[in-house]
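[1] sequence first, predicted model second:
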2 protein chains.
Amino acid sequence: MDETLLMIPGPTRVAPRVLKAMSENIVNHRSALFGKILSETTEMMSDVFRTNNKSYLITGSGTAAMEAAMANIINPGDKILSLVGGKFGQRFGQIVDAFGGQSEVIDVEWGKGVNPDEIGYALEENEDIKAVTVVHNETSTGVSNPIKEIGKIMSDYDALYVVDTVSSLAGDEVDVDGYGIDICVTGSQKCMAAPPGMAAITLSNDAWDVVDKVEAKSYYLNMKKYRKSGAAQPPETPYTPSVSLMYAMHEALDIIMEEGLVNRVKRHQIAAKATRNAIKALNLELFPDESVSSTTVTAVNMPEGVSDGELRGTMRNKYRVELAGGQDHLKGNIFRIGHMGNITHRELITTFSALEMTLRELGFEVNMGEGVAAVADTYLPNNI
Amino acid sequence: MDETLLMIPGPTRVAPRVLKAMSENIVNHRSALFGKILSETTEMMSDVFRTNNKSYLITGSGTAAMEAAMANIINPGDKILSLVGGKFGQRFGQIVDAFGGQSEVIDVEWGKGVNPDEIGYALEENEDIKAVTVVHNETSTGVSNPIKEIGKIMSDYDALYVVDTVSSLAGDEVDVDGYGIDICVTGSQKCMAAPPGMAAITLSNDAWDVVDKVEAKSYYLNMKKYRKSGAAQPPETPYTPSVSLMYAMHEALDIIMEEGLVNRVKRHQIAAKATRNAIKALNLELFPDESVSSTTVTAVNMPEGVSDGELRGTMRNKYRVELAGGQDHLKGNIFRIGHMGNITHRELITTFSALEMTLRELGFEVNMGEGVAAVADTYLPNNI
């Protein structure tokens, strides 16, 4: 049994009752019993997405759901506009390419915020853009994109609004119907704190109108098949789902409902604030602009004279706390602290205590205890 | 906790130690620890496939692996020949269509065997066929196709040999290298007796040569990305895998190795023989020709005067034994008994005792005990 504390931006720590749910006997995935579990799980998913539309669960990673979003709306040559300020923004463009779409890009410097008006300008210039993709929380840079404000602009245009909330849903503010999102996707192993391997997607009526006119570019991820099976009695998935992960999702969603979405988001906001305060108290620097810094993952510039291998290696091997490194050109230049899912002040205290010791050992000047104190201070009732 | 005995052709009953493995803590999927688990699991998969080539695990159903097989070798207009004698044979053709390939079909009456020479004739007529797909065990009809003999014929041609062993691997004889199979796919929840949600694929050098010349028609199922990630140190998957299902697969494969592949196949062969003997003892009729009847699932004609709903409903609700019905045009006309995975004489005795009582209750003339006796008789040491 590995006891390393996962402070990475997914997978996140899974509650024992969720892990335990997976050890239930496997049932027939085409039975009334499973149909009931599936219905309840997808209904809770829609509640978390904050939509009146149906949600669908896909056995696969968040990337599978991103692919499902694209494979069902693209005809060869269709223009899809992607907001790209990190690795996951890029991924949408790569998926568009794989299906023969034409990928248009609004490039934003990694770590910076986007002016929502830029999406409006791009749509004015390119009237035939079929859909706009936005990654709400860019896990690779720790930047949160303004999906609410972009949604307001999108409401003036016909293009579908596709949002990846893989690392934000149930941790940051998402309101699918309220923001006018047409296709929203997420993954199990981030803020929902279920084990990895299941993804979810929801589509608006406008999105379904497009889907109905397009021949799906995938068989496994053909959403028309998911809609048909989901409407059967008992409800089913078109292909054998991971029954065990469905149990886990059901349990993880039960926990979310017990906590309440508003409370859960608030808890993430406090954890993010505590993390930023502690980073500053230790004289470390945030990688992204603080004004757009993520609610679920904090990216930090690698301190002068400290290597990624030493920092994360010491944290992992000596103190059993796992942080994430940078991706692509940020590899070695930043480290990332995930604070999503079942995050409380306890994990942050542990993390910052370990980080203080690690930095001191590696010769970086640090006033021991100041990071930990900054975390604690943020959680004091008067400061929340 | 549902205690229904699953006698369906997947998902199958999962051993408690495999279920228990899933309740282990989630670890970082890009860590040395997970890399070790992934390596060991894929190496055991290659042993079960009986290939010296690498295997890859995909989070998804068996259909995802079928799609991976096609998405990586098809360019628009490419001809793919599919042997179709049931629902899963058809599925390959539908996947070919989804990727813009040209699907050619050898149609075999459902329930009948194919003459392997027909594949040779088709290849002679169509020199530009790029690949031939065969479903080893057609779960929908209970027919086993002669993949060894077809392999011999395929060795005279350049077309890739693609075999679906979703419901046969680790239950019936499969020898990927020995039969000259270029791409072999399978699922977790059938004879391997792991929970559903994970699929496996292996590719020969000839297959990789084709894959390297084709732009993958899927991003999530792009096998070049799986190859690259799998060769990293530590080995990874390109997208976040189901960590819990990987634990389960590792444990299920451990069990397979402990039993030994030869013993396991022999056990399935005896269970299939016992099932057929019991069916005949009860004056029921096999749906497929007995000579091609599957080693892992037995399809039975619905007895005169008995409805599918009554038969399977009574079995399920009164005796807690779940059988499968027919699919597509066979719906209502057959029922199917899965005997794959952790199948022993005990489950068959239970099943046939329940079936005898059910048939008697539904007015079908049956000599009580004769099915059960036929099962027991088959398992007597002298008869094995």
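    Ah, there it is.

[2] mind checking the pLDDT average for the lengthiest helix in chain A?
    Identified as the longest helix of chain A according to DSSP state H is helix A:261-281. The pLDDT scores in helix A:261-281 average 98.

[3] what comes up buried for it?
    Within helix A:261-281, the residues that count as buried by 16 or more other Cβ atoms under 10 Å in any protein chain shown are A:261, A:264-265, A:267-279, A:281. Using the backbone N, CA and C atoms, a C-beta is placed for each residue, glycine as well.

[4] I'd like the next helix or strand past that helix.
    Moving toward the C-terminus from helix A:261-281, the next helix or strand (DSSP states H and E) is strand A:297-301.

[5] contacts only, for residue A:50.
    When the contact criterion is Cβ atoms under 8 Å, 6 or more residues apart in numbering or on different chains, the partners of residue A:50 are A:174-178, A:261.

[6] swap in residue A:252?
    Here residue A:252 is in contact with A:14-15, A:18, A:188, A:192-194 (Cβ under 8 Å, 6+ apart).

[7] okay if I get those as TSV plus neighbour count, distance to residue A:224 and pLDDT?
    Below are those laid out as TSV (neighbours: other Cβ atoms under 10 Å in any protein chain shown; distance: Cβ to Cβ, whole Å; pLDDT from 0 to 100):
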residue	neighbour count	distance to residue A:224	pLDDT
A:14	29	32	96
A:15	16	35	97
A:18	26	31	98
A:188	31	23	98
A:192	29	26	98
A:193	26	31	98
A:194	34	26	98
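
[8] hang on, residue A:56 in a helix?
    No - under the criterion used here (DSSP: H, G, I helix; E, B strand; the rest coil), residue A:56 is strand, not part of a helix.

[9] my guess is it contacts residue A:222. True?
    No - using Cβ atoms under 8 Å as the test, residue A:56 is too far from residue A:222 to be in contact (11.1 Å).

[10] coming back round to it: which one of the contacts of residue A:50 sits closest to residue A:5?
    Closest approach to residue A:5 among the contacts of residue A:50 (Cβ to Cβ): residue A:261, at 25.2 Å.

[11] surely the closest one touches residue A:171?
    No - taking Cβ under 8 Å as the definition, residue A:261 is not a contact partner of residue A:171, at 10.0 Å.

[12] sorry, back to before: pull the most distant pair out of the contacts of residue A:50.
    Largest pairwise distance in the contacts of residue A:50, by Cβ to Cβ, is 13.7 Å, between A:177 and A:261.

[13] centre-most residue in chain A?
    Centroid-nearest residue in chain A, with Cα atoms, centre = their mean: residue A:167, separated by 1.3 Å.

[14] what sits against it?
    A:9-10, A:136-137, A:139, A:187, A:190-191, A:294, A:296-297, A:340.

[15] one step back: could the contacts of residue A:252 go into a markdown table alongside distance to chain B and secondary structure?
    Written out in a markdown table, the entries for those read as follows (distance: Cβ to the nearest Cβ, whole Å; DSSP: H, G, I helix; E, B strand; the rest coil):
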| residue | distance to chain B | secondary structure |
| --- | --- | --- |
| A:14 | 5 | coil |
| A:15 | 11 | coil |
| A:18 | 9 | helix |
| A:188 | 9 | coil |
| A:192 | 13 | coil |
| A:193 | 10 | coil |
| A:194 | 9 | coil |
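
[16] quick check, nearest of the residues you listed to residue B:25?
    For the contacts of residue A:252, the nearest to residue B:25 is residue A:14 (7.4 Å; Cβ to Cβ).

[17] output the below-cut-off pLDDT ranges for the stretch 1-150 of chain A.
    For the stretch 1-150 of chain A, the stretches flagged by pLDDT under 70 are A:1.

[18] okay, and the closest residue in space to residue A:169 that isn't next to it in sequence sits in which element?
    Of all residues not flanking residue A:169 in the chain, residue A:186 sits nearest, at 4.2 Å (Cβ to Cβ, 6 or more residues apart in numbering or on different chains). Per DSSP H and E, residue A:186 falls inside strand A:183-187.

[19] next structured bit after that strand?
    Next element after strand A:183-187 (DSSP H and E): strand A:198-203.

[20] what's the next secondary structure element after that next one?
    helix A:205-211.

[21] now for that following helix, which elements pack on it?
    Judged by 3 or more Cβ pairs under 8 Å, 6 or more residues apart in numbering or on different chains; DSSP states H and E, helix A:205-211 is in contact with strand A:160-164, helix A:223-230.
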